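Engineer: A structural model of the following input is requested.
(4 chains)
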Protein chains: 2
Amino acid sequence: MASNRIFKALADPTRREILRLLGRGEMSAGRIAERFDMKKPSMSHHFAVLKEAELIISRREGQQIFYALDATVVQEALTWLWDVFGDGKKGRTQ
Amino acid sequence: MASNRIFKALADPTRREILRLLGRGEMSAGRIAERFDMKKPSMSHHFAVLKEAELIISRREGQQIFYALDATVVQEALTWLWDVFGDGKKGRTQ
DNA sequence: ATGATATTTAGACATCTGTCTAACTAAGCA
DNA sequence: TGCTTAGTTAGACAGATGTCTAAATATCAT
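Structural biologist: Sure thing, here's the model as predicted:
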């Protein structure tokens, strides 16, 4: 049951927001962390969970580590989920 | 942030399986419970979580309580999620 | 009313999860 | 080498979650 990790990963609002940000392109751990009112280690934990679920990938460039969505399908998934279950919104496209 | 309950609800494999079963039509609490290796009160707890998330509705008929998906959108959601993240499967339709 | 069946509610308990601080690794630069 | 910046790892801890047993509620049949 490989998908359980994915659903568990999606269960946290911080992680969903991270994925949403990454939907606009890769971003360094630091840049992502800036957006949240949370210490770096906590953010690191969330990155690890998302990586474990294979929702994101990472690459190091010098001192920075860049994160990006693992596949296009995730982008679609999130867009869709956002539309249907979307935090705040209530629109049902299609 | 109303959608958080939905994602939390979807985070448990037992609850996802319940939703999948209900995708085939309404079913009594007992009939559903039969399918799981779990005590009735535990199942009841899962029903409550799904109901709280507005993913299912219930109606009493005599001694039995029938559960059903709350809306078609859930059926679509689950079918889609099953296809993409599906337990076991790896297919990507569309 | 009594008993049987279907299901939930209450409460206990172990495990999982998200956050923190402190310490560590890795890279760049004086 | 030593200092700084970027990020992770380790470990602690409070609160959430999933399961159980025991007891309660609701309905039906005798």
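Engineer: Next, work out how far apart the residue nearest the centre of chain A and residue A:68 are.
Structural biologist: Averaging the C-alpha coordinates of chain A gives a centre point, and the residue nearest to it by CA atoms, centre = their mean is residue A:19 (2.2 Å). Separation of residue A:19 from residue A:68 (CB to CB, to the nearest Å): 11 Å. For glycine as for every other residue, the C-beta is placed from the backbone atoms N, C-alpha and C.
Engineer: anything in contact with each of these two?
Structural biologist: Jointly contacting residue A:19 and residue A:68 under the rule CB atoms under 8 Å, 6 or more residues apart in numbering or on different chains are residue A:56.
Engineer: State whether the residue nearest to the centre of chain A and residue A:53 are indeed in contact, as I suppose.
Structural biologist: No: contact criterion CB atoms under 8 Å: residue A:19 and residue A:53 do not qualify, at 10.1 Å.
Engineer: With adjacent residues omitted, what lies nearest to the residue of chain A found nearest chain B?
Structural biologist: For chain A, the residue positioned closest to chain B under CB to the nearest CB is residue A:11, at a distance of 3.8 Å. Spatial nearest neighbour of residue A:11, chain neighbours left out: residue B:11 (3.8 Å); criterion: CB to CB, 6 or more residues apart in numbering or on different chains.
Engineer: What pLDDT does the model give the one you found?
Structural biologist: In the prediction, the pLDDT value recorded for residue B:11 is 93.
Engineer: same question, residue A:74
Structural biologist: Per-residue pLDDT puts residue A:74 at 66.
Engineer: what does residue A:89 give?
Structural biologist: Residue-level confidence at residue A:89 comes out at 40, pLDDT.
Engineer: And what about the residue lying closest to residue A:29 once chain neighbours are set aside, helix, strand or coil?
Structural biologist: The spatially closest residue to residue A:29, leaving aside those adjacent along the chain, is residue A:65, at 4.9 Å (CB to CB, 6+ apart). Of the three states, residue A:65 takes strand under DSSP: H, G, I helix; E, B strand; the rest coil.
Engineer: Hmm, residue A:32 and residue A:65 touching each other?
Structural biologist: No: with contact defined as CB under 8 Å, residue A:65 does not count as touching residue A:32 (10.0 Å).
Engineer: quick one, which of the two is more surrounded?
Structural biologist: residue A:32 (19 against 14; other CB atoms under 10 Å in any protein chain shown).
Engineer: what pLDDT does that one get?
Structural biologist: The per-residue pLDDT of residue A:32 was computed as 98.
Engineer: Could you point out the helix or strand that follows the helix or strand where it lies?
Structural biologist: The secondary structure element spanning residue A:32 is helix A:29-34 (assigned by DSSP states H and E). Going down the chain from helix A:29-34, the next helix or strand is helix A:40-52, by DSSP H and E.
Engineer: what angle do whichever helix or strand comes after that following helix and helix A:40-52 make?
Structural biologist: Proceeding N to C from helix A:40-52, the next assigned helix or strand is strand A:56-61, under DSSP H and E. Comparing the axes of strand A:56-61 and helix A:40-52 via axes from the mean of the first three to the mean of the last three CA atoms, to 10 degrees yields an angle of 120 degrees.
Engineer: All set, thanks.
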